[in-house]
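# Task: produce atomic coordinates for the following.
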Amino acid sequence: MGSRLTVYLRDSRGWSSYGRYGGAHSVGYMIARNGYENTMKYIADCFKFEEATEKPVSDISWAEGMLIIDSLNKNVFWYEEDAGLYLPRIINALIELTWPSWTAIWCAEERLSALQACGIDALQEPIPFDDFEEIDWEKYLDSGPWSKHCEDDSVAVTFKDGVTFCWHQFLDSLLPAFSPNSFYHFAQHVREGIEQGEPLEWGKQYNEDLPDTGIHIDYQKHQIRWWSLYDNGDIALECRQRWTDWTFTSMSDDYRWFEQLTGYQMRTWDAEMREAFRYIAGIFEDESGNYKTSQIPSNQVLEYELANSHDNSKLILCALMQMKESGEIPPAKIIDRYGVIR
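Prediction:
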């Protein structure tokens, strides 16, 4: 039984915890759709009450999704198992629409963020993490940008001389297995290929899927930053074994800074809205009226859905329509592993 969702509620009496299996999927959208009152009723009716406590437990490694409702500060924190389907900023905006006077905050670094949201210093907790065997960079050359099937994700490396290159590579779960020196040798090998005319750089590689993560490794500043649609707390957690003098910073779902850094477009707002209508509203059609996943729904279809929707679905559809027309909204507000809300 998977998809374990843990809920912590905070009020004037302290904390109480609830849990259930099967609830971690799309919890962000779930609470946006339900609104505050229906979410609280849903927790009371469908979740198992576990305990009332002075503070939540620090061992939440088994939680695949979390919802933290802080009634004292009117903050609702969340991360979910089905991450990567849509921009977290869109979910935050929808939650704040159906939870008036509340602030929605995405736990961008998963359990590390969630612990801080509960008032527990995640950096002082002995959180378990995978112990990776170090990768020999020469044995890794059959992957990366040389692969026949380019990965969706993006990696940018600023070398010691200040030059930056970007290429396709799935890296976030592999980076802890590299040491800074071994990955630098690997990145130098990529750079040599690019400078010799091999089609390894981002703009020379074709991939029809949009990246959902971008990682910047800066060897001048000893800094790793990333944007993502996923809650990637494990990057900082698992890299601490080898990347000991480096800093790690989540940039929320803000891919624009990465585009400015690399000079390459990562995503578009039209694509974001297609994903949002597909996964949040569940409606889409092509010009012939046939339902597909590749088109933003027409105004006629939206008007029909609005007329036949119930509860907060109507508000959510209207909000999505407004986002579609008005353009990009700011990156998702997050809480990081230091407990900073930004």
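
# for residue 272, what are its contacts?
86-87, 90, 328 (C-beta atoms under 8 Å, 6 or more residues apart in numbering). (Glycine included, C-beta is placed from N, CA and C.)

# That one: which element?
In this assignment (DSSP states H and E), residue 272 forms part of helix 269-276.

# Off-centre distance for that helix?
Put simply, helix 269-276 sits 16 Å off its chain's centre (C-alpha atoms, centre = their mean, to the nearest Å).

# As CSV, could you dump the C-alpha coordinates of it?
The C-alpha coordinates for helix 269-276 follow below in CSV (Å, rounded to 0.1, in the frame of the first residue of the first chain):
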residue,chain,number,x,y,z
TRP,A,269,3.3,29.8,-20.8
ASP,A,270,1.1,28.3,-23.5
ALA,A,271,2.5,24.9,-22.8
GLU,A,272,2.0,25.5,-19.0
MET,A,273,-1.7,26.2,-19.7
ARG,A,274,-2.1,23.1,-21.8
GLU,A,275,-0.7,21.1,-19.0
ALA,A,276,-2.9,22.8,-16.5
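
# List the buried residues of it.
Within helix 269-276, the residues scored as buried using 16 or more other C-beta atoms under 10 Å are 272-276.

# and the contacts of residue 272, which two are the farthest apart?
Taking C-beta to C-beta, the two most distant members of these are 86 and 328; they sit 13.8 Å apart.

# more neighbours, the two?
Shown here are residue 86 and residue 328; by other C-beta atoms under 10 Å, residue 86 has more neighbours (25 against 13).

# Angles on the backbone of the more buried one, please.
The phi and psi values for residue 86, taken as degrees, to the nearest 10, are phi -160, psi 170.

# Residue 24 versus that one, what's the distance?
16 Å (C-beta to C-beta, to the nearest Å).

# Can you list which of the contacts of residue 272 are found in helices?
Residues of those located in helices (DSSP state H): residue 90.

# so where do the strands sit in the stretch 1-150 of the chain?
For the stretch 1-150 of the chain, the strands defined by DSSP state E, counting those that start in this stretch occupy 4-11, 14-21, 48-53, 65-70, 75-79, 103-106.

# My read is that residue 175 contacts residue 236, right?
No - between residue 175 and residue 236 there is no contact under C-beta atoms under 8 Å: 10.3 Å.

# Those two - which one has more neighbours?
Set residue 175 next to residue 236 and count neighbours by other C-beta under 10 Å: residue 236 wins out with 24 against 21.

# Return the distance of the more buried one relative to residue 246.
9 Å.

# any shared contact partners between these two?
In contact with both residue 236 and residue 246: residue 224, using C-beta under 8 Å, 6+ apart.

# Do you have the helices of the chain handy? List them.
Going by DSSP H, the chain shows helices at 27-46, 88-98, 110-117, 180-195, 234-239, 256-262, 269-276, 299-308, 313-326.

# Using CSV, lay out these together with distance to residue 123.
Below are these laid out as CSV (distance: least, C-beta to C-beta, whole Å):
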stretch, distance to residue 123
helix 27-46, 25
helix 88-98, 23
helix 110-117, 8
helix 180-195, 21
helix 234-239, 10
helix 256-262, 25
helix 269-276, 33
helix 299-308, 46
helix 313-326, 36
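
# ranking those helices by burial, who's on top?
Stretch with highest mean neighbour count among the helices of the chain: helix 110-117 (a mean of 26; mean count of other C-beta atoms under 10 Å).
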